[in-house]
Structures are given as C-alpha cells and as structure tokens.
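> need a 3D model of the following:
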Amino acid sequence: MPRPTPSAVTPRLRDAERSRAAILDAAAALFAELGYEATSLAAVGVRAGLSRGTPGYFFGSKSELYHAVLEHAFADALETIRAGRLRALRSARPPAEVLAGVVSDYVDFVAAHPTFLRLIQREALGEGAGLDARSLRAAVGAEAVTALAQELGFPPRARTQVMHLLLSMIALTWFPALHATTLVPTIGFEGVSPAFLAARKRHITTLLLGALPSRRAAPSPRSAR
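Numbering: from 1, shown residues only. Predicted coordinates for the structure are as follows:
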C-alpha cells in the first residue's frame, strides 16, 4: 500500500489542528457559561461546528477535555507574563513606571480573556472539575511572583511581600471584570469602557506604588524627624 505523500498529509494535519482548536474554544465557552456538569461532549461538538463524537475522538473524555482547556488558558497567561517581564527588563525604566506597565498588562489580559476568568470563577464556586496536578496554575503563579520581583527590584528575602503585591493586583484587576454587569454599575459607573479601563490602570498603580521596595524603605516625614 503506497504511503501518503507529504502534500496529502499536511492538509490532514492542518484540519486536525483546526478541529482541535475549535473544540478547545467551544469547550472553554461552554464550561464557562454552564459549568462542568452541564456541559456535554456532544454539545461541544455542535458548538465547534463538528460532529457530536469529534471531541471524544480528540480528547477521550470530558475530564480530559476540561483539563486541556485549562492548560491552554494557563499557557496563554504564562506567555503573557514572560513577554511582559522581558519587555520590562529591556526597558530599564524606574520601578514606578515598570509597575504602571505591569498593571496595564494585567488589566488588558483580563479584558481580553473573559472566558478564562469565568472558568476560574466556576472553579472557585465548585462548579468545575477541579485543578489536578497537571495544571500549569502553580507554574503560572510562581513565574508571576518571580517576574514581579525582577521587574520591580525586590530582594530575594522579600518574596512574601511580592506574593501579597501579586494577590492585590489580581484582586484589583479581576474583580471589576467579573462584576462588570453586577456591582460595577451599582457603584455608579456606566460600564467597562476604554476610558474606565484607563482610569482603573491609573488608580490601581497609585494604590500599589507604596508596595515598591524604594517606597517601603523611605522613612515617613514623621519618623524622619
């Protein structure tokens, strides 16, 4: 039996890659919208524009598909963190300016990945399938802490302070995105617009400036007397 020519194999590989990507996108949307239990492989296939059995063919089970979705999402986050660290270190800007850039990156990432936020929220509410040992979440968290420490000039002994800074940044950037249609309007904001996001970036940066090593080391006017 003759082997397929490279020109025949390449389209198949491309079709398989496109199908896999479509399944991951469809699954992420459905898991975020409905939760893990209410999402079926058949529904994912329909949402992806494929047959009902195709997700099972590619991923085997709903659990495997769910974890593949999370791995894909965490991989995007890891790539964003690495790109931001490289850009910050190359810029050689003062820590305050670097912080403003980091905050901007986090706000932009959150705005561009609403499905990722909803997936994590589902996990927090117990409506996911759990994050197993294969998850990249630990790697993402560790790399984010290391990146912040390097970008902002924290000494090695200050890792706990960097962890608190990261947690504060996540809280300040994620909360408005998760509650854009619930609590944000009740406060008086008209919506999550570009102007709103720009104002949030400035506000968050101002709040976090006091956590920088140079600011923490500087004596207050009262203590300097």
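> can you show me the helices along this structure?
6-34, 41-47, 54-59, 62-91, 95-112, 114-124, 137-152, 159-178, 183-187, 194-208, 213-217 (DSSP state H).
> most centrally placed residue in this structure?
Ala77 (4.4 Å; CA atoms, centre = their mean).
> remind me which residues of the chain are low pLDDT?
Within the chain, the segments meeting pLDDT under 70 span 1-14, 132-135, 215-225.
> one step back: for the residue nearest to the centre of the chain, which non-adjacent residue is spatially closest?
Once flanking residues are discounted, Ala77 sits nearest to Val140: 5.2 Å by CB to CB, 6 or more residues apart in numbering. Any C-beta I mention is one placed from the backbone N, CA and C, and that applies to glycine too.
> just Asp108 next, same as before
Closest to Asp108 by CB to CB, 6+ apart is Leu197, at 7.9 Å.
> looks like that neighbour contacts Val107 (just checking).
Yes: Leu197 lies in contact with Val107 (CB atoms under 8 Å); the separation is 5.7 Å.
> these two - which one has more neighbours?
Ranked by neighbour count (other CB atoms under 10 Å), Leu197 and Val107 place Val107 first, with 22 against 17.
> ok, that one - contacts?
Taking CB atoms under 8 Å, 6 or more residues apart in numbering, we find Val107 in contact with 173, 197, 200-201, 204.
> tally of neighbours for the nearest residue to Pro156 once chain neighbours are set aside?
Among residues not flanking Pro156 along the chain, Ala149 sits closest, at 7.7 Å (CB to CB, 6+ apart). Number of residues near Ala149 (other CB under 10 Å) recorded here: 21.
> distance check, Ala149 against Leu166.
Separation of Ala149 from Leu166 (CB to CB, to the nearest Å) stands at 10 Å.
> burial of the residue lying closest to Val192 once chain neighbours are set aside, as a residue count?
Using CB to CB, 6+ apart and skipping residues adjacent in sequence, the residue nearest Val192 is Ala180, 4.5 Å away. The number of residues packed around Ala180, counting by other CB under 10 Å, is 16.
> how about Glu33?
13.
> please save the CA atoms from stretch 165-185 in CSV.
Extracted C-alpha coordinates of stretch 165-185, given in CSV (Å, rounded to 0.1, in the frame of the first residue of the first chain):
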residue,chain,number,x,y,z
LEU,A,165,1.6,42.5,45.8
LEU,A,166,0.6,40.0,43.1
LEU,A,167,-2.5,38.9,45.1
SER,A,168,-3.6,42.6,45.4
MET,A,169,-3.0,43.2,41.7
ILE,A,170,-5.1,40.2,40.8
ALA,A,171,-7.9,41.2,43.1
LEU,A,172,-7.9,44.8,41.8
THR,A,173,-7.9,43.8,38.1
TRP,A,174,-10.2,40.7,38.2
PHE,A,175,-13.0,41.9,40.4
PRO,A,176,-14.3,44.7,38.1
ALA,A,177,-14.1,42.4,35.1
LEU,A,178,-16.1,39.6,36.9
HIS,A,179,-18.7,42.1,38.1
ALA,A,180,-18.9,44.4,35.1
THR,A,181,-22.7,43.9,34.9
THR,A,182,-23.4,43.4,38.6
LEU,A,183,-21.6,45.5,41.2
VAL,A,184,-19.7,47.9,39.0
PRO,A,185,-22.9,49.6,37.7
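> fine by me, thanks again.
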